[in-house]
Structures are given as structure tokens and as C-alpha cells.
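*Asks:* requesting a structural model of the entry that follows:
(chains A, B and C)
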Amino acid sequence: MSPTPLHDWDVSPDQAVLLQAEFAGRIDTSSTLAKFDLIAGCDIAYDLVEPVLYAAVVVVRVADLAPVETAVVRAGVKFPYVPGLLSFREVPPLLSAWESLRSEPDLVMLDGQGIAHPRRFGLACHLGLWLDRPTVGCAKTWLVGEYAEPGPTAGDAAPLSVDGVPVGAVVRSATGVRPVFVSPGHKIDVAGAVAVTRVVLGGHRHPVPTRLAHMAANQARAAGRVDPPVV
DNA sequence: GCGACAG
DNA sequence: ATCTTGTCGC
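*Replies:* The predicted model follows:
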């Protein structure tokens, strides 16, 4: 079932900023972690030469972290990359991929920030609002906030806050790797976001859901091209 | 004015 | 995000 339209996607960067300010108020980051058996990981791979992207959603079973369903769509890039406005570029194609899913994930994990964002409305928040489902942002690099280096062991975490307000955590997803920035997207609190992340760690820097989505998007890109690299 | 800036 | 092979280390 397709989600209820929240707003128009054909907007300018300036309008996008206004929309973020408007919808940030609808984000719920106080919900306690509920039962969840299926987690969907999302990621996008960009074509090297054309303004085309491949959005992938991989549903993972929490019990054994095994993938149970994969959906990928090829789409044209319709919004420029602007720090702080990533969701306007990646949410539309992810929604398309999501619609072809037959299973119903209990939570969604994305490559990007949740409320650890300049206007408290990162990629995970935006998708969460559209899907009206719990989402967690797991970014590879810093965007906003202050934090201390987390411990060296997988699972170790340190609070991430903006002006003294906790917005997430910096988590060591695996031993010996740089930490990832975890923050709630929607319908989940900071503790829940971190707890979920810890449950789906698979020994690599990226949690299993987003790791598999990343691989699926790359595979689609490799297969989606009709013209092989020319010498 | 200068520096910073998810993917 | 993306261009890129081998190589060092657990």
C-alpha cells in the first residue's frame, strides 16, 4: 500500500528547508522500542555518468539477521545534493522501492542522520514520517553535535548532543573501525535507536540491514547498465 | 568574513 | 556518492 502523500516533492531547496521546519514538529522521538522481527535496510547507489540512481531496500529477519526480501528501483536523480537536504534526494526513490515490498518491516534503518540534523529532520525522520513507521538513522560521518570518542569494543557508545540536548549516539559498530552516528528518525527514542543498532551489528562497520542494502544497490547498478565500460 | 557541510 | 589494486593485518 502506498503511503499518504505528505507534501509535493517537486520543490526548490529553499522550499525544502521550509518543509523541514514544518514537519520536524511531527517527529516522535519518545516512543519506546516495541517488538520488532523484521528490519528494513535502505541505501542508494549513484550511476557514474548519468543522473541515475538505484534505491535498494532489504528486509532482514532480526532472529538470524538473514535477508528475506529485496526491492530495488532505478530512477532519475531529481534533487541536487545539498548538505542538510539529503532526504529530498533519496526519500522519493526509496518510497518507490518500498511500494514493491510484500513483507511489512517493523522498523527501517538508513544510511544517514535522523534527528542529528541542523533542523532535527534528517533522512530517517523524513522517511519515517512518510511511512509512519519507526526509523533509525545510522550515518558514517558527523553532521552536527558534540560527542566524546566511544570505547574500542563493538557496541560501545557515547552520547551525541546538540546544545546539550541528546539527539543520538556515536556507536562503535565493530572493533577496530571508526564509529557510526546513530539517531532516531521517527517513532523511537534515542535509547531504542541505539539498542536496535546493537542488535543488528554483524561484525562490520555497517549494521547488517544497511550493509546488505548497500550491496544490493551496487549490484543493481552493475546489472542496470547496458553499456559496459569502454576503453 | 571564515569554516563546516549526511550521501 | 564516486574514481581505484594491491596489500598489510587479525
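*Asks:* where does chain A dip in pLDDT?
*Replies:* Across chain A, the ranges flagged by pLDDT under 70 are A:1-2, A:225-231.
*Asks:* repeat that for 90
*Replies:* Chain A contains residues with pLDDT under 90 at A:1-5, A:33-36, A:223-231.
*Asks:* residue of it closest to DNA strand C, please.
*Replies:* A:Ala45 (3.8 Å; Cβ to the nearest atom of the strand). Just so you know, the C-beta spots here come from the backbone N, C-alpha and C atoms, and that holds for glycine as well.
*Asks:* how many residues are close by that residue?
*Replies:* A:Ala45: 22 surrounding residues under other Cβ atoms under 10 Å.
*Asks:* show the contacting residues for it.
*Replies:* A:53-54, A:56, A:214, A:217-218, A:220-221 (Cβ atoms under 8 Å, 6 or more residues apart in numbering).
*Asks:* farthest-separated two in those residues?
*Replies:* A:Leu53 and A:His214 (13.0 Å; Cβ to Cβ).
*Asks:* pick out the residue closest to the middle of chain A.
*Replies:* Central residue of chain A (Cα atoms, centre = their mean): A:Leu110, 1.5 Å from the mean position.
*Asks:* now the lengthiest helix in chain A: how far from the chain's centre is it?
*Replies:* Criterion DSSP state H: the longest helix present in chain A is helix A:208-224. Computed by Cα atoms, centre = their mean, to the nearest Å, the chain-centroid distance of helix A:208-224 equals 14 Å.
*Asks:* is that helix positioned near DNA strand B?
*Replies:* No. Figure legend: helix A:208-224 not in contact with DNA strand B (Cβ under 7 Å from any atom of the strand); closest approach 8.2 Å.
*Asks:* higher neighbour count, A:Leu53 and A:His214?
*Replies:* Per other Cβ under 10 Å, whichever of A:Leu53 and A:His214 has more neighbours is A:Leu53, with 23 against 19.
*Asks:* ramachandran angles for that one?
*Replies:* Main-chain dihedrals, A:Leu53, degrees, to the nearest 10: phi -140, psi 160.
*Asks:* let me know whether it touches A:Val72 as I believe.
*Replies:* No. Judged on Cβ atoms under 8 Å, A:Leu53 makes no contact with A:Val72 at a distance of 10.6 Å.
*Asks:* in what helix or strand does the residue nearest to A:Asn218 when sequence neighbours are not counted lie?
*Replies:* The shortest distance from A:Asn218 to any non-neighbouring residue, by Cβ to Cβ, 6 or more residues apart in numbering, is to A:Ala45 (4.9 Å). Using DSSP states H and E, A:Ala45 sits within strand A:38-46.
*Asks:* okay, now the sheet partners of that strand, with direction.
*Replies:* Applying DSSP bridges, strand A:38-46 is found paired with strand A:52-61 (antiparallel), strand A:107-110 (parallel).
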